[in-house]
Structure formats: structure tokens, C-alpha cells
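Engineer: Here you go, sequence then predicted model.
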Amino acid sequence: MQRYEFRILGADNRAKSVLCAIQINDFAAVRLAQSLLQPGQGVEVWRGMTCIFARNHRPARPAFTLGGARLKPSAAD
């Protein structure tokens with residue numbers, strides 16, 4: 001049995017909930033995490049310090065360019 005941490009992510013790509021569970025293997029943990037999701041949410045499944053699964057969240061984008069100018073929000077934001 002392994003201990004897993006589930007991070008339920010909102011549309012802003014931030015953890016809205018963090019849950020812990022003990023599952024028999026990675027597959028069972030991923031299936032459980034997917035069953036917890038509601039539309040528009042993403043999830044990360046962690047086993048210790050290793051992220052074993054991530055779904056439906058946008059990668060974080062930088063707030064500034066290398067020149068220091070502020071990025072404009074995209075149409076999806």
C-alpha cells in the first residue's frame with residue numbers, strides 16, 4: 001500500500017483542495033483522483049515527491065517577459 005496526495009486544481013491552476021489517501025498502486029490512485037473531479041478542474045497525483053499524473057490544467061505562464069514588460073492576458077483568461 002502506498003500513500004498518495006491529490007491536488008484538485010481550479011481554473012487558475014492553483015490547488016483548491018489537497019487530499020490524502022492510501023491506495024494499492026498508482027493506477028488505483030489515478031482512478032480515484034479522476035473520480036473526484038468536477039468539470040473545469042484539474043488534478044495532480046503525487047507519490048512522495050514524484051508527480052505521477054497531471055490532467056486538465058494549464059501550465060503556469062510567466063507574469064513578465066525577459067525584458068520586464070507585463071504580458072497581456074490571453075483570450076482564455
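Structural biologist: Done, it's in.
Engineer: can you give me the helices in this structure?
Structural biologist: Applying DSSP state H to the chain gives helices spanning 26-36.
Engineer: Could you point out which residue ranges in this structure have low pLDDT?
Structural biologist: Counting by pLDDT under 70, the low-confidence segments of the chain come to 56-77.
Engineer: Strands of that one, residue ranges please.
Structural biologist: Along the chain, the stretches classed as strands by DSSP state E are 2-9, 15-23, 42-47, 50-55.
Engineer: want to throw these into a markdown table with mean neighbour count and distance to residue 33?
Structural biologist: The C-beta positions use only the backbone N, C-alpha and C, and glycine is treated the same way. Below are the strands of the chain laid out as a markdown table (neighbours: other C-beta atoms under 10 Å; distance: least, C-beta to C-beta, whole Å):
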| stretch | mean neighbour count | distance to residue 33 |
| --- | --- | --- |
| strand 2-9 | 18 | 5 |
| strand 15-23 | 13 | 8 |
| strand 42-47 | 19 | 5 |
| strand 50-55 | 14 | 7 |
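Engineer: okay, the ones you listed in JSON lines with distance to residue 30 next?
Structural biologist: Formatted as JSON lines, these follow (distance: least, C-beta to C-beta, whole Å):
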{"stretch": "strand 2-9", "distance to residue 30": "9"}
{"stretch": "strand 15-23", "distance to residue 30": "9"}
{"stretch": "strand 42-47", "distance to residue 30": "6"}
{"stretch": "strand 50-55", "distance to residue 30": "5"}
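Engineer: Residues touching stretch 40-58, excluding its own?
Structural biologist: Residues outside stretch 40-58 that contact it (C-beta atoms under 8 Å, 6 or more residues apart in numbering): 2-11, 13, 15-16, 26, 29-30, 33-34, 36-37, 76.
Engineer: from what I can see residue 33 touches residue 9, true?
Structural biologist: No. The criterion here is C-beta atoms under 8 Å, and residue 33 misses it with residue 9 at 11.0 Å.
Engineer: which one is residue 10 nearest to, not counting chain neighbours?
Structural biologist: What sits nearest to residue 10 in space, not counting adjacent residues and going by C-beta to C-beta, 6 or more residues apart in numbering, is residue 16, at 4.6 Å.
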